[in-house]
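1. structure for this input, please:
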Amino acid sequence: MRKALVVVSALLLVAFALQFVFAAVGAFTKPAGDGAYALHSFTGMAVIPVLTLLTILFAVLTKAPGRLVGLAVLPLGLVVLQALLAMLANAFTDAAGASTPFGLAIAGLHAVNGIVAVHVVVGVHRAARKLAGPAPAGVTRVAVREGEPA
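-> Residues are numbered from 1 along each chain as shown. This is a model prediction of the structure:
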């Protein structure tokens, strides 16, 4: 189960990295139509939330330390914030549909939040790998059954 946590957290990290590629694809698509950000939107609204939920599930099922479980939950909140920032940035346009300075500032926060999310997922993946790795030399792992004294 711990290996599954490592794999899912790695997939989540890859999905977040691809988000930056998909954002660039959308930004550089000419002419920019409604579908320019389709891959970015799909990954951000479907793939990343599902992988985040799986990461949380595996962290709980492996009985990971509370810090790791909390760290695994954090990207979910950051994804919700991402969607809110994107909607807010799009909402601040002028009558002609052009971006306003405030809307662009919010869009910048969308990018910064994405960078923060990547760093959090890197931390989750590192902690998952450490949890799944072999015990340090000189340490013996002991399984204790429920109800037995430690």
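2. nearest spatial neighbour of residue 104, skipping sequence neighbours?
-> residue 89 (7.4 Å; Cβ to Cβ, 6 or more residues apart in numbering). Bear in mind the C-beta positions are built from the backbone N, C-alpha and C, glycine included.
3. centroid residue for the chain?
-> The centre of the chain sits closest to residue 75, judged by Cα atoms, centre = their mean, with a distance of 4.5 Å.
4. surely that one touches residue 54?
-> No: with contacts defined as Cβ atoms under 8 Å, residue 75 does not count as touching residue 54, sitting 11.4 Å away.
5. so residue 68 is in which element?
-> Here residue 68 is covered by helix 66-91, with elements defined by DSSP states H and E.
6. please identify the buried residues of that helix?
-> Under the neighbour-count criterion of 16 or more other Cβ atoms under 10 Å, helix 66-91 has 68-69, 71-76, 78-79, 82, 85-86, 89 buried.
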